[in-house]
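> Need coordinates for the following:
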Amino acid sequence: NHALRNMLLQLKRNYSRLNLSIMLKFTSNYSFRLYELLKSKCYHSRDDQGSSASTYKIRFSLSELKLELGIVNAELDKVKRVLNNQANPDFDKAVEISPEKMLTNWSDFKRKALDRAVNEINDISDLQVSYDTIKHGQGGKVYGVDFAVVMRDAKKEEPVVLTEDQKLELLFEIRDMLGDAFSVK
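The predicted structure is shown next:
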């Protein structure tokens, strides 16, 4: 698309590089979205901390995290009105007025979304993630989550080395599939 050409080709800031092979291995939508969020925050804070930092502290309010993970539908007009046109949107109010929400109980949210996502990210990705809850008030109601993210070196896959016989066999298989359109040269 010509309208997007300059935006994509001259992209220098405000983007995160995500590994497609890692993203495709996730089985949970929450893992996919949380990985994307944490990776993005790590890249943004990398500029603040210096490029050599590999450990990041990231804080989300519980309402913001639920909106970002898609547990509360942020696409509804009521919710958009609360979130848009503000420097500091009121995430709590947006969650409160949304008629479409799941996992309203902290223990359900923790068990079904957060723990599952963190475990899957730790098993599959180049991030090591742990979290602590932020509690406040009588009874210690959870109102936020502090993530500790460590960037690990990406696992580098070694290239497959074929023997001469394997190379010839591969060439003959390709020739059989393509027919006369392919020559060994």
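
> which residue ranges form the strands in the chain?
55-61, 127-136, 141-151 (DSSP state E).

> Would you mind measuring from the nearest residue to His136 once chain neighbours are set aside to Asn19?
Of all residues not flanking His136 in the chain, Tyr143 sits nearest, at 5.3 Å (CB to CB, 6 or more residues apart in numbering). (Each C-beta comes from the backbone N, C-alpha and C, glycine too.) Separation of Tyr143 from Asn19 (CB to CB, to the nearest Å) stands at 32 Å.

> Could you do Asp77 as well?
For Asp77, the distance to Asn19 - CB to CB - is 35 Å.

> between these two, who's got more neighbours?
The neighbour count for Asp77 versus Asn19, taken as other CB atoms under 10 Å, is higher for Asn19 (14 against 6).

> I'd say the more buried one and Asp126 touch.
Yes - with contact defined as CB atoms under 8 Å, Asn19 reaches Asp126; the gap is 6.9 Å.

> now the helix ranked longest in the chain and strand 141-151, what's the angle there?
Assignment by DSSP state H gives helix 29-49 as the longest helix of the chain. Computed by axes from the mean of the first three to the mean of the last three CA atoms, to 10 degrees, the angle separating helix 29-49 from strand 141-151 equals 70 degrees.

> mind listing the helices for the chain?
For the chain, applying DSSP H gives helices covering 2-9, 20-23, 29-49, 62-69, 77-83, 91-97, 106-109, 115-124, 164-178.

> just those helices: most buried one?
When the helices of the chain are scored by mean count of other CB atoms under 10 Å, the highest mean neighbour count falls to helix 62-69 (a mean of 21).

> From the rest of the structure, what touches that one?
With contacts defined as CB atoms under 8 Å, 6 or more residues apart in numbering, helix 62-69 is touched by 30, 33-34, 37, 60, 72, 74, 79, 83, 91-92, 94-95, 101, 103, 106, 109, 113, 117, 142-145.

> ok, now with 7 Å
With contact meaning CB atoms under 7 Å, 6 or more residues apart in numbering, helix 62-69 is reached by 30, 33-34, 37, 72, 74, 91-92, 94-95, 113, 142-145.

> How about stretch 108-119?
Ser28, Tyr30, Ser31, Leu34, Leu69, Ile71, Leu103, Val129, Tyr131.

> dump the residue contacts of the most centrally placed residue in the chain.
Residue closest to the mean C-alpha point of the chain, counted by CA atoms, centre = their mean, is Glu36 at 1.7 Å. Shown in contact with Glu36 (CB under 7 Å, 6+ apart): Leu18.
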